[in-house]
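S.K.: have a look at this prediction, sequence included:
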Amino acid sequence: MITGRTLVTGAAGFAGGYLLDLLTADGRPVTGWHRPGGHAPRAVVGVEWQGVNLLDREAVRAAIRALRPVAVYHCAGAAHVGQSWDTAAATLRVNVLGTHHLIEALRDEAPDARILVTSSALVYGPSDAAIDEQHVLMPGSPYGLSKLAQELVAVGNSDVPPAYIARPFNHFGPRQDASFVSAAFARQVAEIEAGLRPAELSVGNLEARRDLTDVRDTVRAYQAILERGVPGRPYNVCSGTAVAVREVLDQLLSLARLPVRVVPDPARYRPNDTPLVLGDATRISQELGWTARIPLEQTLRDLLDYWRAQVRPA
């Protein structure tokens, strides 16, 4: 276990928030960065919050100089694949330039700090089989391109600061924004149950197959990579099983408290939707002893219960 001040960037976000829960449970001092003017941070016992704009080079440097963390989980950045087609410049700016500012500051002000960069499986080219870490790098979206560039910025030509690379496949669970497919389904079901919308659920492509991991398992993997992994060596974070979007929808509908009709919505289709994204978790399992534990059924039940608590009956 790493002792000393830990920094989580993007701590007000989805995975960042679960990292706070995991790290504070160990009793370590944690600082969470959030984007000034963004979502209000969730109150977490043991977390010191700071508003830091990663695109402000001097603000990042000053914050790192004052904090001098021993470990950094870099979760901040643009996270939505579909939206990146309309916001390519902003996605590249925050994911790449923001990471550059953070790495620069650590190199000068806290060179011994370890940093975990949360990249993405979307740095890989398409495949009709499970993808391991040796698979060809060929991003198919502005988001994927930004994450590959982010990795290169972090590793660069120096081993200072030591950078660790996580390549998560799809992670999901309670508290995820409804712009993501499983959360969008769960929110619509909860709103239908609450009488806030007709008993119709709008869907996009249901045939795509994705490797899904509960976010609570994902952040356990992040901790394992930073604490026991090899710097510069990428680790897939995945379940090793592909699930069709249709199966996710069917399971959520089976949990619904009333019948729901499914309605296709062309606006929900992506310009470039890969049919299969499946990961090979052999490296992280064999080297770090990590495996996904939480079954799909439990995650979907927890996700739906979360959205039921968020909506109010009409």
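M.R.: Great, that's in hand. Residues are numbered from 1 along each chain as shown.

S.K.: just the pLDDT at the closest residue to Gln298 other than its chain neighbours, thanks.
M.R.: Closest residue to Gln298 apart from its sequence neighbours, by C-beta to C-beta, 6 or more residues apart in numbering: Asp214 at 7.6 Å. All C-beta atoms are positioned from the backbone trio N, CA, C, and that covers glycine. As predicted, Asp214 sits at a pLDDT of 98.

S.K.: hey, what's Asp214 bridged with?
M.R.: Note on Asp214: beta-bridge partners by DSSP bridges are Phe172.

S.K.: hmm, it is touching Phe169, no?
M.R.: No. Counting by C-beta atoms under 8 Å, Asp214 stays clear of Phe169, with 11.9 Å between them.

S.K.: the nearest residue to Gly156 once chain neighbours are set aside: neighbour count?
M.R.: Leaving aside its sequence neighbours, Gly156 sits nearest to Ile103 (C-beta to C-beta, 6+ apart; 7.2 Å). A count of neighbours around Ile103, defined by other C-beta atoms under 10 Å, yields 24.

S.K.: can you give me the helices in the stretch 1-150 of the chain?
M.R.: 14-25, 57-67, 88-92, 98-109, 142-155 (DSSP state H, counting those that start in this stretch).

S.K.: in a markdown table, list those helices along with distance to Asp273 and mean pLDDT.
M.R.: Compiled in a markdown table, the helices of the stretch 1-150 of the chain are given as follows (distance: least, C-beta to C-beta, whole Å; pLDDT from 0 to 100):
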| stretch | distance to Asp273 | mean pLDDT |
| --- | --- | --- |
| helix 14-25 | 21 | 96 |
| helix 57-67 | 35 | 98 |
| helix 88-92 | 17 | 91 |
| helix 98-109 | 27 | 97 |
| helix 142-155 | 13 | 95 |
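
S.K.: skipping adjacent residues, who's closest to Asn236 in space?
M.R.: Gly279 (4.6 Å).

S.K.: isn't that neighbour right up against Tyr235?
M.R.: No. With contact defined as C-beta under 8 Å, Gly279 does not reach Tyr235; the gap is 10.3 Å.

S.K.: got the CA coordinates for stretch 7-25 in CSV?
M.R.: What follows is stretch 7-25, C-alpha atoms only, in CSV (Å, rounded to 0.1, in the frame of the first residue of the first chain):
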residue,chain,number,x,y,z
LEU,A,7,-4.3,13.0,-5.6
VAL,A,8,-7.3,12.0,-7.8
THR,A,9,-8.0,14.3,-10.8
GLY,A,10,-11.5,14.2,-12.1
ALA,A,11,-12.6,13.2,-8.6
ALA,A,12,-16.1,14.6,-9.1
GLY,A,13,-16.6,12.3,-12.1
PHE,A,14,-17.8,8.7,-12.3
ALA,A,15,-14.7,6.5,-11.8
GLY,A,16,-13.0,9.3,-9.8
GLY,A,17,-15.8,9.2,-7.3
TYR,A,18,-15.5,5.5,-6.7
LEU,A,19,-11.7,5.9,-6.4
LEU,A,20,-12.3,8.3,-3.5
ASP,A,21,-14.5,5.7,-1.8
LEU,A,22,-11.9,3.0,-2.2
LEU,A,23,-8.9,5.1,-1.2
THR,A,24,-10.5,6.8,1.8
ALA,A,25,-11.6,3.4,3.1
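
S.K.: chain center to that stretch: distance?
M.R.: Distance of stretch 7-25 from the chain centroid (C-alpha atoms, centre = their mean, to the nearest Å) equals 11 Å.
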